[in-house]
Structure formats: C-alpha cells, structure tokens
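Peer 1: Quick one, what's the 3D model for this:
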Amino acid sequence: MLPTDLLGDWVLRRTVDDRLAGVSGTVTGTTTLTLVAPDEVRWDESGTMRLGDLVTPVSRTLSVRRVDERWTVHFADGRVFHPWAWGTVVEHPCAPDDYTGVLAGDTERWTVLWEAHGPAKDYQLDSVLERRSGTAD
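Peer 2: Below is the predicted model of the structure:
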C-alpha cells in the first residue's frame with residue numbers, strides 16, 4: 001500500500017498505554033492525507049488526548065516523500081522518521097530509546113502500532129484509522 005492510496009480524511013482512534021508512567025488513555029480525532037506534490041503526501045493529525053486526569057488537544061504534521069521509488073516518513077522539521085513499509089516492522093532509533101512500528105490494513109481501514117522501549121520510555125500507541133464517510137457521524 002502506498003501513501004497515495006490513502007489520500008483523504010480519516011477518523012482517528014488511538015489507545016495509549018504508558019507503562020513507565022502507569023497511565024493509559026485515548027486520542028480521538030481526525031487524520032488527513034493530502035497530495036501536495038507528485039512525490040509528497042502531507043499527513044495531518046488533530047484531536048483530543050485523554051491520559052489519566054489530563055485532557056488536552058494534540059496535533060502533529062508529518063510528510064511522506066518519495067525519492068528513487070522509495071517512500072519515507074519525515075517529521076515536520078524534515079528529519080527522517082522511518083521508511084514507509086506496509087505490513088512489516090519499521091524501526092526508529094532515538095537514543096536512549098528504540099521505537100518499532102507497523103502500518104497495515106487497506107484503503108478503508110488501516111492501523112499504526114508503535115512500541116517504545118528504553119530507559120526514558122515504555123509505551124504502546126495503537127492507532128486505528130477508518131475512512132470518513134460523506135455523512136455526519
């Protein structure tokens with residue numbers, strides 16, 4: 001699956017399990033993938049995080065860029081996050097912790113699972129994205 005196969009608006013539901021802090025919670029909101037150039041997709045997320053007693057708005061922007069027929073996910077500041085690989089584990093070393101993730105699914109429902117392990121972090125983020133229909137929720 002390519003990022004261009006997932007263009008459009010998505011309902012985002014994420015569970016958060018922060019084992020180090022001993023709290024769990026959710027993020028609910030939207031994700032939009034937009035073609036901004038033939039070789040670049042903008043990935044915008046926004047929503048509300050509920051983590052323990054904390055309720056706060058959250059957002060992030062990523063970009064997915066193709067170079068030499070390979071797609072790579074980048075942070076908003078341009079740093080490489082991970083290769084775009086569908087259905088297989090990707091890694092993002094970020095000392096002192098290590099992150100592993102998997103993107104999977106189809107053009108109507110896909111998932112993003114991230115695990116972070118190390119001395120500073122121990123959590124799991126499990127995101128489910130379902131295509132937003134043309135009708136009101």
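
Peer 1: so where do the strands sit in the chain?
Peer 2: Per DSSP state E, the chain has strands spanning 8-18, 23-37, 40-51, 54-67, 70-75, 80-83, 89-94, 97-105, 109-117, 122-131. These are given in chain order.

Peer 1: From the chain's centroid, how far away is the shortest one?
Peer 2: In this view, strand 80-83 has its centroid 12 Å away from the chain centroid, taken as C-alpha atoms, centre = their mean, to the nearest Å.

Peer 1: Need the residues that contact that strand.
Peer 2: Applying C-beta atoms under 8 Å, 6 or more residues apart in numbering, the external contacts of strand 80-83 come out as 62, 70, 71, 72, 73, 74, 75, 90, 91, 92, 101. (Glycine included, C-beta is placed from N, CA and C.)

Peer 1: how far away is the first one from residue 54?
Peer 2: Meaning residue 62. Distance check for residue 62 against residue 54: by C-beta to C-beta, to the nearest Å, it reads 23 Å.

Peer 1: of these two, who's got more company?
Peer 2: residue 62 (17 against 9; other C-beta atoms under 10 Å).

Peer 1: That one: what's its closest spatial neighbour, skipping adjacent residues?
Peer 2: Excluding the flanking residues, the one nearest residue 62 by C-beta to C-beta, 6 or more residues apart in numbering is residue 43, at 4.1 Å.

Peer 1: Next up, the contacts around that neighbour.
Peer 2: 3, 31, 32, 33, 61, 62, 63, 64, 73.

Peer 1: Let me have those residues in CSV, adding pLDDT and distance to residue 119 as columns.
Peer 2: CSV is the format used below for the contacts of residue 43 (pLDDT from 0 to 100; distance: C-beta to C-beta, whole Å):
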residue, pLDDT, distance to residue 119
3, 97, 33
31, 98, 30
32, 98, 35
33, 98, 34
61, 98, 28
62, 98, 26
63, 98, 30
64, 98, 30
73, 97, 25
